[in-house]
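A.B. asks: predicted model, plus sequence, below.
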Amino acid sequence: MSYCDMPEHFSIVRFLGDILSEASKRELRVLDISGYGSFEDKWMEVVSLMFPKLEVLNISGRKFCEEDFAILCNNLPNLHTLHFGHFNLENLNGISKLKNLKHLAIDSSQFLNKKDVEELFKLKNLKTLSLSHNSRVGFKYDYYFAKRLPELTHLEIKWRDADDRLLKKILLKLPKLQVVVANDTRINENVAPPTVAVYTNTNLNAIIKSLGYFRTTGKREETLDAIQNLWEMRRNFGVRKISFCTPDQITAGLNEVELLLHTFKFDRKVVKAVNSCVEIFACFTMDDGHLNAKKIVRLSLKNLENHLKNRTPPNKQIFKSIWLDVRRFIGNTENLNIDRIAALAMESIIYAGGAFNWELNCAEVLEKLLDDMNLSSEYYKKINFRKFHKCLSVIHKQDKWFAQTRASVGEVIKYIELFM
């Protein structure tokens, strides 16, 4: 069960009590009530007693009293995954009672010294650990690794001051470590031995590598963060920052973002992030041959099909971006599926009704494809050519367009009229 967008001072106890049957409470295994805002006093104790079989709990961002936290840990012995943390969190007292805990994520905290985190080392079965920023001046991140964590295999750290020196010290205390995720740090990906994979966002190659890891492990939020890092790199530093990227590396990036669509099943935020990636890679694809241009077109069309299927409003920027990219590459890219592209251009114009500027890009694409189109193809079976002709006429009658643009629309109209 997940419910993150609760208002401030929300009565979580009453809410959960009202929506869940007694049988559901007894059998519930996963609960996500992360977010911001305060719950009522003693909520932790009541919630922990409500779900005796709970195994996964996310209360990140929710404030709580340290004494209540110890009670929660005592009441939920079956927890194997716990995600918590807030700006007033001062210690981990009580967490050692979670003998079965394997996955732990601690967000914001205010730890001061080693004693505040010493119970962490009593979690002998801990395999994954994610540690975020600690706001208390004087706290040393070395304290998290004052002792060995013998079973830990995956570590994520989110401290801007973390560097290669710190990672080398950490490795001495984590004998089974396999993966380190160190985004927004000063850690280099090649500092660890070959047995430990380090994922960072320091450059384009590192981000592409991280995207592959986040995708295969199903980490949606981390995937979105990595793509945001890529976009910010492009926005803040321009082409020069990532111009060293070779055509082969661009190919790897395009392959990766295409796989993201399938892994996350065209999730709305992932689709938006992928669109950003395509825009970035398109900047470097013009002169690298046909392979990446073809990938750009294929990925753009796959995105377009999803937006048409989901009835994304035609005034959204995504339609303009997609058809700009398709128009850009259509003239110098070999072995494209001409009829698929033409049919999607027609469908897009019918969907928008001739009312938007980006439809001109569709018309210009169609004009370039006229000689190679085969209207008997299966791709055109769903196209209402009379409606398509009507929408083209709407566009053509508008005198605000350049003469050359109106001429392109006119050529498409004359071609369609031959078959009506």
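C.D. replies: That came through, no problem. Computed from a predicted model, the values in this text were never measured in an experiment.

A.B. asks: so Gly353 is in contact with Ser393, correct?
C.D. replies: No. At 11.4 Å, Gly353 and Ser393 do not qualify as touching, with contact defined as C-beta atoms under 8 Å. For every residue, glycine as well, the C-beta is placed using N, CA and C.

A.B. asks: by mean pLDDT, which helix or strand of the protein comes out lowest?
C.D. replies: The weakest-scoring helix or strand in the chain, judged by mean pLDDT, DSSP states H and E, is helix 239-242 (a mean of 48).

A.B. asks: now for the helix or strand where His83 lies, which elements pack on it?
C.D. replies: Counting by DSSP states H and E, the element that carries His83 is strand 81-84. Here strand 81-84 touches strand 56-58, strand 103-106, going by 3 or more C-beta pairs under 8 Å, 6 or more residues apart in numbering; DSSP states H and E.

A.B. asks: got the domain ranges for the protein?
C.D. replies: As assigned by the TED database, the chain contains the domains 1-152, 206-286, 289-419.

A.B. asks: ok, of the ones you listed, where does mean pLDDT dip lowest?
C.D. replies: The weakest mean pLDDT among those belongs to domain 206-286, with a mean of 81.

A.B. asks: chain center to stretch 366-381, what's the gap?
C.D. replies: 36 Å (C-alpha atoms, centre = their mean, to the nearest Å).

A.B. asks: again with stretch 66-78
C.D. replies: 32 Å.

A.B. asks: what's in contact with that stretch?
C.D. replies: For stretch 66-78, contacts defined as C-beta atoms under 8 Å, 6 or more residues apart in numbering pick out 42-45, 47-49, 51-55, 57, 64, 79, 84, 89-91, 93-100.

A.B. asks: ok so Leu129 is a strand residue?
C.D. replies: Yes. According to DSSP: H, G, I helix; E, B strand; the rest coil, Leu129 belongs to a strand.

A.B. asks: wait, doesn't it sit right on Leu101?
C.D. replies: No. Look at Leu129 against Leu101 with C-beta under 8 Å: they stay out of range, at 10.2 Å.

A.B. asks: Lys42: what's it in contact with?
C.D. replies: Contacts for Lys42 (C-beta under 8 Å, 6+ apart) come out as Asp68.

A.B. asks: likewise the one 3 residues further on?
C.D. replies: Applying C-beta under 8 Å, 6+ apart, we find Glu45 in contact with 68, 71-72, 75.

A.B. asks: give me the number of residues near Thr223?
C.D. replies: By other C-beta atoms under 10 Å, the residues close to Thr223 number 27.

A.B. asks: that one and Phe264 touch, don't they?
C.D. replies: Yes. In terms of C-beta under 8 Å, Thr223 counts as a neighbour of Phe264; the distance is 7.4 Å.

A.B. asks: next secondary structure element downstream of the least confident helix or strand of the chain?
C.D. replies: helix 247-263.

A.B. asks: please save the CA atoms from the next helix or strand after that following helix in PDB.
C.D. replies: Next in sequence after helix 247-263, counting helices and strands by DSSP H and E, comes helix 268-282. Taking C-alpha atoms only, helix 268-282 is exported to PDB below (Å, rounded to 0.1, in the frame of the first residue of the first chain):
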ATOM      1  CA  ARG A 268       4.700   9.300 -17.800                       C
ATOM      2  CA  LYS A 269       7.700  10.800 -16.100                       C
ATOM      3  CA  VAL A 270      10.100   8.300 -17.700                       C
ATOM      4  CA  VAL A 271       8.700   9.200 -21.100                       C
ATOM      5  CA  LYS A 272       9.300  12.900 -20.500                       C
ATOM      6  CA  ALA A 273      12.800  12.200 -19.300                       C
ATOM      7  CA  VAL A 274      13.500  10.100 -22.400                       C
ATOM      8  CA  ASN A 275      12.300  12.900 -24.600                       C
ATOM      9  CA  SER A 276      14.900  15.100 -23.000                       C
ATOM     10  CA  CYS A 277      17.600  12.500 -23.700                       C
ATOM     11  CA  VAL A 278      16.600  12.300 -27.300                       C
ATOM     12  CA  GLU A 279      16.900  16.000 -27.700                       C
ATOM     13  CA  ILE A 280      20.400  16.000 -26.300                       C
ATOM     14  CA  PHE A 281      21.600  13.100 -28.400                       C
ATOM     15  CA  ALA A 282      20.100  14.600 -31.500                       C
END
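
A.B. asks: so which bits of the helix or strand just after helix 268-282 are buried?
C.D. replies: Per DSSP H and E, the first helix or strand lying C-terminal to helix 268-282 is helix 290-309. The neighbour-count check on helix 290-309 (16 or more other C-beta atoms under 10 Å) flags 291-304, 307-308 as buried.

A.B. asks: now swap in stretch 114-122 and tell me
C.D. replies: 116-121.

A.B. asks: restricted to strands, list the residues you listed.
C.D. replies: Nothing among those maps onto strands, per DSSP state E.

A.B. asks: in helices only, show me those.
C.D. replies: The helices, defined by DSSP state H, take in nothing from these.

A.B. asks: ok, of those, which one's closest to Val198?
C.D. replies: Among the buried residues of stretch 114-122, Leu120 lies closest to Val198 (C-beta to C-beta), at 22.0 Å.
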